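Chemist: Got a predicted structure plus its sequence, pasted below:
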Amino acid sequence: MNIYVLMKRTFDTEEKISISSGQIDDSGAEFIINPYDEYAIEEAIVLRDKHGGEVTVVTVGEEEAEKELRTALAMGADKAVLIDSEELDDLDQYTTATLLAAYLKDQEFDIILGGNVAVDGGSGQVAPRVAELLGIPQVTTITSLDIEDGKATIVRDVEGDEETVAASLPLLVTAQQGLNEPRYPSLPGIMKAKKKPLETLDLDDLDLEEEDVEAKTTTLDVFLPPEKGAGKVLEGEVEAQVKELVSLLKSEAKVI
């Protein structure tokens, strides 16, 4: 089974983000594999171990993303591919999906896995866009995956409930929390990862021009949410508290 995983390099979720001149200041920030993509990598390794084949992890980014790709290889992936975006000024979901699809269209794949969302942007657009560009079925927010005889039986999260879906391969799925428990890279895995293939591709390798992947959106401003104000404790008779609460919701919170 040929398995591909879409991976993103993101901020560590424990990092405190600061804004400088309307841009996110990532100097000194620690970067990791997007946590939802870790579920996808783990599930890909489980599928490979059960059905045979190989796992290839693919990301769009700059040279620094090799660290996270090596981590994926240390977890147990077989190959890694970095699609170098250094020469591009702006990237959005359209750009990333177009680059990934341009690479994947020339590969033989049975299933593509990705994270449900990235913890930095949270759009959840890239993987579904890739499926659309490749013309294959997609199932998002999956919490269980079983493949037999070229067919997948999938359980997906639907806002607190579950839905069971059957689909034929090739297929793209996105991983939700609860799908599995990602493994930590072992010391032998880390040593083996140093010798596993990591390929770097650019626009020329994908037969693309800059205008083919030009971002369709523009970020006008980046800002932190306002700090929360102090809470207020209402006192007195219940009826008086209710009246005061309604008044505050109208005049201060402006939610009614």
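Modeler: Thanks, I have the structure now.

Chemist: State the mean pLDDT of stretch 207-215.
Modeler: With pLDDT averaged residue by residue, stretch 207-215 scores 93.

Chemist: cool, and stretch 229-239?
Modeler: The average pLDDT for stretch 229-239 rounds to 85.

Chemist: State the distance from A166 to T200.
Modeler: If you measure A166 against T200 using C-beta to C-beta, to the nearest Å, the figure is 38 Å. Glycine gets a C-beta too; all of them are placed from N, C-alpha and C.

Chemist: what domains does the record give for this protein?
Modeler: Listed by automatic domain parsing, the domain ranges of the chain are 2-213, 227-256.

Chemist: In PDB, could you pull the C-alpha coordinates for the strand ranked longest in the chain?
Modeler: For the chain, the strand with the greatest residue count under DSSP state E is strand 138-148. Output of strand 138-148 as PDB, limited to C-alpha atoms (Å, rounded to 0.1, in the frame of the first residue of the first chain):
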ATOM      1  CA  GLN A 138     -12.300  12.700   0.900                       C
ATOM      2  CA  VAL A 139     -13.600  12.100   4.500                       C
ATOM      3  CA  THR A 140     -12.700  14.600   7.200                       C
ATOM      4  CA  THR A 141     -12.400  14.400  11.000                       C
ATOM      5  CA  ILE A 142     -12.000  10.700  11.200                       C
ATOM      6  CA  THR A 143     -11.600   8.800  14.500                       C
ATOM      7  CA  SER A 144     -11.400   5.200  13.200                       C
ATOM      8  CA  LEU A 145     -10.100   3.700   9.900                       C
ATOM      9  CA  ASP A 146     -10.200   0.100   8.700                       C
ATOM     10  CA  ILE A 147      -9.200  -0.900   5.200                       C
ATOM     11  CA  GLU A 148      -9.900  -4.300   3.600                       C
END
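
Chemist: Please compute how far that strand lies from its chain's middle.
Modeler: 16 Å (C-alpha atoms, centre = their mean, to the nearest Å).

Chemist: Report the buried residues of it.
Modeler: By neighbour count with 16 or more other C-beta atoms under 10 Å, strand 138-148 contains the buried residues 138-145, 147.

Chemist: so what secondary structure elements neighbour that strand?
Modeler: Applying 3 or more C-beta pairs under 8 Å, 6 or more residues apart in numbering; DSSP states H and E, one finds that strand 138-148 makes contact with helix 35-51, helix 126-134, strand 151-158, strand 161-168, strand 171-175.
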